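Student: no FASTA, just this:
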């Protein structure tokens, strides 16, 4: 954006306009969230200045102490939040406040737009949306900012109705450096000019930001310090209450839920660092952001360095918090930090500790752990194919719904305890949802023998399950891939084994194979089927069919393998079609219809509707005489 010399209104980016409409018309009752968001932004600006000041001390000038000042003006119905942080140029104001910069905010908007009114209002309170939340309480918002070291300042202004203006402003009307946000409060938001209300709210929501906060009861009064800016993570754990941790979590995570798990410790030895990390109760909106970046901040001796260091692997990106290192040099660049051997040691240590804490929780508090797994299990499973070194640990943490679990979660240790004699694999089935998986014809033979099958419905399952890993020496094997080897596992006592197919049925199966031709790679008698007439499986050397569909849908597979059609040789329909004297025309139509039936049961949509309809009509006509 080029420098502006007029106050011509500009339109917000379309996504921001929608978000602002939601903010302005929000019926969410607990609107205090806006104050936490604005103070969090101010604290970030102060931390960024402290970092840039390491290499350019002139940016600090004669005012090296960071602070945030909240000023009340009950008479004018105004609330002002001012910081002496890094500040923004005119171009940066337009970029920061005119577009959605965080994918999480975009995801928030998509989620809230699809929610019902009551649910949507609640979501506003659960997840901060940064600066834009100010419009829940303000008719007009003005932002005056001067970047540290700059000789110019700019004013951004909007009523939240779809447009904003940016114009230069006399530096005498701007902070010496930093940003001043002035809210012209709505008629029903005047309580935010009450000193007791503001002090109580700030202490509850933002009392542990690492920047001192001051309060002025009136524009002319002396500022009173209401938060000392002492870094929470430097305090002894015994001095920190659960409420303190929750308040800090909300500030650092930008969410308004509570932490499901808090991890606070100091590592000592070759490298010394402090970790304060949280696992949220609810899914962050950017959890499946394609960039899949982490959200851990890196400090060096209490100086904020960056929130872009890859402290945790991507499959732990739901963890929020910070690491404060005593060993990294303060003058190292953000780019060089990522290649630092010290950071590599921190990454390894923190990642192992997070997984260790999850393992302890899974043993000591199963109910809490299962709630966490239900929320973040799909992300944790990404590590099964991304992190070979920790694969065994992650397999131990994994939980699954199975054909015998009645909707409950089961561990692989539980699964292994129920292995049948001669069972050589951990069997799994992939599909879009549990209901469809549970009714899959490919499971019939496993169910008849009491063999437990993992039901995998997350997209990530298709990839890790095909990575060639095993558990306790048993490889993972798809129930829709290759031969099932079920004949090695005995049927329950009292169950009669299925006799071999008759010669006439074998002749019909050969006829089906000839009739279908190149549409299939093979047609064979099935060990899997006990109730259904047919099913499709992948060739013995082919990939699982669900994985094949995902890759094809993503344009990453040029040609799919031709499936194998398995036929239940003891099914009454198959026996009748294979009987002597069966109508040859009927058998030909039946061969194609059986293939279509198997494709439909497998979720295939590429059935030729005209051919299917014509064959079905002919078969029904023969049946009616």
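Tutor: It's in. Given the structure is predicted, the values throughout are model-derived calculations rather than measurements.
Student: any idea where the strands of the stretch 401-550 of the chain begin and end?
Tutor: 410-411, 426-430, 454-456, 470-471, 474-478, 522-525, 534-537 (DSSP state E, counting those that start in this stretch).
Student: what about residue 229, neighbour count?
Tutor: The number of residues packed near residue 229 is 18, by other C-beta atoms under 10 Å. In short, each C-beta sits where N, CA and C put it, glycine included.
Student: may I have the phi/psi pair for it?
Tutor: Backbone torsions for residue 229, taken as degrees, to the nearest 10, come to phi 70, psi 10.
Student: skip the chain neighbours and tell me the closest residue to it.
Tutor: Excluding the flanking residues, the one nearest residue 229 by C-beta to C-beta, 6 or more residues apart in numbering is residue 212, at 3.7 Å.
Student: same deal with residue 594?
Tutor: Excluding its sequence neighbours, the residue lying closest to residue 594 (C-beta to C-beta, 6+ apart) is residue 534, at 4.9 Å.
Student: for residue 161, see how far away that neighbour is.
Tutor: Distance of residue 534 to residue 161, computed by C-beta to C-beta, to the nearest Å: 61 Å.
Student: between those two, who's got more neighbours?
Tutor: The neighbour count for residue 534 versus residue 161, taken as other C-beta under 10 Å, is higher for residue 534 (24 against 13).
Student: the more buried one against residue 595, yeah?
Tutor: Yes - applying C-beta atoms under 8 Å, one finds residue 534 in contact with residue 595, separated by 7.5 Å.
Student: okay, and the common contacts of these two?
Tutor: Common neighbours of residue 534 and residue 595 (criterion: C-beta atoms under 8 Å, 6 or more residues apart in numbering): residue 565.
Student: list the contacts for residue 400?
Tutor: Contacts of residue 400 (C-beta under 8 Å, 6+ apart): 409-412, 415, 454-456.
Student: what's the answer for residue 419, then?
Tutor: Residue 419 neighbours (C-beta under 8 Å, 6+ apart): residue 474.
Student: please tell me how far it sits from residue 92.
Tutor: The value you get for residue 419 to residue 92, if C-beta to C-beta is used, is 61 Å.
Student: what's the neighbour count on residue 492?
Tutor: Residue 492 has 8 nearby residues by other C-beta under 10 Å.
Student: quick one: it from residue 17, how far?
Tutor: 64 Å.
Student: which of the helices or strands spans the residue lying closest to residue 83 once chain neighbours are set aside?
Tutor: Nearest non-adjacent residue to residue 83, counting by C-beta to C-beta, 6+ apart: residue 42, 3.7 Å away. Following DSSP states H and E, one finds residue 42 within helix 33-55.
Student: now that helix: buried residues?
Tutor: 33-54 (16 or more other C-beta atoms under 10 Å).
Student: re the thing from before, next, format the contacts of residue 400 as TSV and append distance to residue 368, pLDDT and neighbour count.
Tutor: Below are the contacts of residue 400 laid out as TSV (distance: C-beta to C-beta, whole Å; pLDDT from 0 to 100; neighbours: other C-beta atoms under 10 Å):
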residue	distance to residue 368	pLDDT	neighbour count
409	13	97	17
410	17	96	19
411	15	97	17
412	20	97	19
415	22	96	22
454	23	97	24
455	23	96	24
456	24	95	25
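Student: closest to residue 623 among the residues you listed?
Tutor: residue 455 (36.5 Å; C-beta to C-beta).
Student: ok, what's across the strand from the closest one?
Tutor: residue 401, residue 429 (DSSP bridges).
Student: and the gap between it and residue 408?
Tutor: Separation of residue 455 from residue 408 (C-beta to C-beta): 12 Å.
Student: list residues touching both of these two?
Tutor: residue 401.
Student: low-confidence ranges in the protein?
Tutor: Within the chain, the segments meeting pLDDT under 70 span 1-6, 15-16, 19, 22-30, 98-129, 290-293, 330-335, 605-606, 625.
Student: tell me the centre residue of it?
Tutor: Centroid check for the chain by C-alpha atoms, centre = their mean gives residue 287 as the closest residue, at 2.3 Å.
Student: confirm that one sits in a strand?
Tutor: No - read with DSSP: H, G, I helix; E, B strand; the rest coil, residue 287 is coil and lies in no strand.
Student: nearest residue to it other than its sequence neighbours?
Tutor: The nearest residue in space to residue 287 (C-beta to C-beta, 6+ apart) is residue 318, at 6.0 Å.
Student: burial count for that neighbour?
Tutor: By the other C-beta under 10 Å criterion, the neighbourhood of residue 318 contains 22 residues.
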